[in-house]
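Peer 1: Take this sequence and fold it.
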Amino acid sequence: MDLSDLSDLIDLSALDELAGAVTAAIAVVPVGARTQWEVGGPPPTGTTVTAPAGVVRYEPADMTVTVGAGTSYRELDAVLAEHGQECALDPVDANATIGGILATGLSGRRRLRHGPVRDHLLEVRVVDADGRVVKGGGPTVKNVTGYDLPRLFVGSFGTLGVLGHVTLRCRPRPATARWFRVADGAHPGFRPSAVLSDGTTTSVLLEGAAADVTVQAAGMQECDPPGHIDGEHRGRISVAPGRVDAVGAALARERGVRWLAELGVGTVHVACDESAGLAAARAVAHAHDGWLLREAGGGDIDGYGRPLPNLALMRRIKSAFDPTGKLAPGRLPL
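Peer 2: So this is what the prediction gives:
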């Protein structure tokens, strides 16, 4: 079967229904499982649309899988696990849809080893503002030429098109995955999948063959996986990896701010019970040439704080893809 065309496998009726809803609406709001509904601020109002769900095609030998964007990560992970594979998107909530994960562009805690969320995407079928189904990319790397349109939709929050079906790159599922505590300054092992620190404890995730993990973990103390920090007000700081320690030290001086840093990546998760804490965390981010994305709560503080990088370019792209502003209006500060 020609891998460049999955039209005979894809439920075209579901895509046609989605396209019809987009065409008829004045304003369109793509909706997944709403697990990241508050990221960046309140979602826009308009006609809500949902993408098809389910696995369309899975080729374990090629390590690619095509799914409806409305498929939950939990469902996809269960299918891949049967063949000893995974797609390391790692959302905080396994009920998150694949389309939602891609649309928000928030990478999981194993980014250090497996790369950002955009690296897992090979092909997209999206419904544009005119209700047309548009394909970008291809199911294998070798047959992809031209502009890398799929990655353009990662982090676009539905403002450029509604994800319908996506093809993802799979990886072998590690035989062993174990967390260890390490002393400050200690070597975290060879190619750790994650290194997390809250200023008091540094935890390292080692994955691979059991014997290899045991050798790498010599001198370390095994521990439970670090939990995700939580609070009514949450945000995610992005900063140069080399400044994470300084950001953490500054956050530790802020009352009521809890934080967890992804070392080597430049992401620092923050949570607090009062909106003032999130405002203080944003000030810390700005002081270290970073920025904070509001994920939930935050009171009256802006979702993004600083103007988005390459704002002029983003506006040109938005104008080209959605000249009337129909798609997720106001979702990004364009």
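Peer 1: mind giving me the domain split of the protein?
Peer 2: 12-172, 176-296 (automatic domain parsing).
Peer 1: Output those in JSON lines, with mean pLDDT and distance to residue 311 appended to each entry.
Peer 2: For every residue, glycine as well, the C-beta is placed using N, CA and C. Below are these laid out as JSON lines (pLDDT from 0 to 100; distance: least, CB to CB, whole Å):
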{"stretch": "domain 12-172", "mean pLDDT": "93", "distance to residue 311": "13"}
{"stretch": "domain 176-296", "mean pLDDT": "93", "distance to residue 311": "13"}
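Peer 1: Quick one: closest of the ones you listed to residue 328.
Peer 2: Closest of the domains of the chain to residue 328 is domain 12-172, at 4.1 Å (criterion: CB to CB).
Peer 1: if we can go back for a sec, out of the domains of the chain, which comes closest to residue 333?
Peer 2: Within the domains of the chain, the stretch nearest residue 333 is domain 12-172; the backing value is 8.4 Å (CB to CB).
Peer 1: Burial check on residue 210, number of neighbours?
Peer 2: Neighbours of residue 210 under the rule other CB atoms under 10 Å: 11.
Peer 1: and the closest residue to it other than its chain neighbours, what are its bridge partners?
Peer 2: The shortest distance from residue 210 to any residue other than its chain neighbours is 4.4 Å, reached at residue 176 (CB to CB, 6 or more residues apart in numbering). Beta-bridge pairing of residue 176 under DSSP bridges involves residue 208.
Peer 1: re the thing from before, could you dump the domains of the chain to JSON lines with distance to residue 320?
Peer 2: Listed next are the domains of the chain as JSON lines, based on distance: least, CB to CB, whole Å:
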{"stretch": "domain 12-172", "distance to residue 320": "9"}
{"stretch": "domain 176-296", "distance to residue 320": "25"}
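Peer 1: quick one on the thing from earlier: which residues are in contact with the residue nearest to residue 210?
Peer 2: Counting by CB atoms under 8 Å, 6 or more residues apart in numbering, residue 176 touches 206-210, 213.
Peer 1: Let's verify residue 211: helix, strand, or coil?
Peer 2: At residue 211 the chain is in helix, as set by DSSP: H, G, I helix; E, B strand; the rest coil.
Peer 1: That one and residue 288: what is the separation?
Peer 2: Residue 211 sits 41 Å away from residue 288 when distances are taken as CB to CB, to the nearest Å.
Peer 1: Can you pick out the residue with more neighbours from those two?
Peer 2: More crowded of residue 211 and residue 288, by other CB under 10 Å: residue 288, with 17 against 10.
Peer 1: Touching, that one and residue 239? I think so.
Peer 2: Yes. Residue 288 lies in contact with residue 239 (CB atoms under 8 Å); the separation is 5.4 Å.
Peer 1: shared neighbours of these two, which are they?
Peer 2: Residues touching both residue 288 and residue 239 (CB under 8 Å, 6+ apart) are residue 247.
Peer 1: Pretty sure residue 85 sits against residue 61.
Peer 2: No. Because the distance of 10.5 Å does not satisfy CB under 8 Å, residue 85 is recorded as not touching residue 61.
Peer 1: Against residue 208, how distant is the residue nearest to residue 210?
Peer 2: In this view, residue 176 and residue 208 are 6 Å apart by CB to CB.
Peer 1: Tell me the spatial nearest neighbour of residue 252, not counting adjacent residues.
Peer 2: Here the nearest residue to residue 252 in space, its sequence neighbours aside, is residue 199; by CB to CB, 6+ apart that works out to 5.2 Å.
Peer 1: Helix or strand: which one has the one you found?
Peer 2: Element membership for residue 199, per DSSP states H and E: none, as it lies in no helix or strand.
Peer 1: residues in contact with it?
Peer 2: Applying CB under 8 Å, 6+ apart, one finds that residue 199 lies in contact with 248-249, 251-252, 259, 261.
Peer 1: and those residues, which of them are in strands?
Peer 2: When DSSP state E defines the strands, the subset of the contacts of residue 199 inside them is 259, 261.
Peer 1: Emit the ChimeraX select command for whichever of the contacts of residue 199 are buried.
Peer 2: The ChimeraX command for the buried members of the contacts of residue 199 (criterion: 16 or more other CB atoms under 10 Å) is given here:
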select :248,251,259,261
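Peer 1: what residues are shared contacts of residue 85 and residue 61?
Peer 2: By CB under 8 Å, 6+ apart, no residue touches both residue 85 and residue 61.
Peer 1: Looking at those two, which one has more neighbours?
Peer 2: It is residue 85, of residue 85 and residue 61, that has more neighbours when counted by other CB under 10 Å, with 17 against 6.
Peer 1: can you give me the helices in this structure?
Peer 2: Along the chain, the segments classed as helices by DSSP state H run 12-24, 73-81, 98-104, 111-114, 149-153, 210-216, 244-252, 275-287, 311-321.
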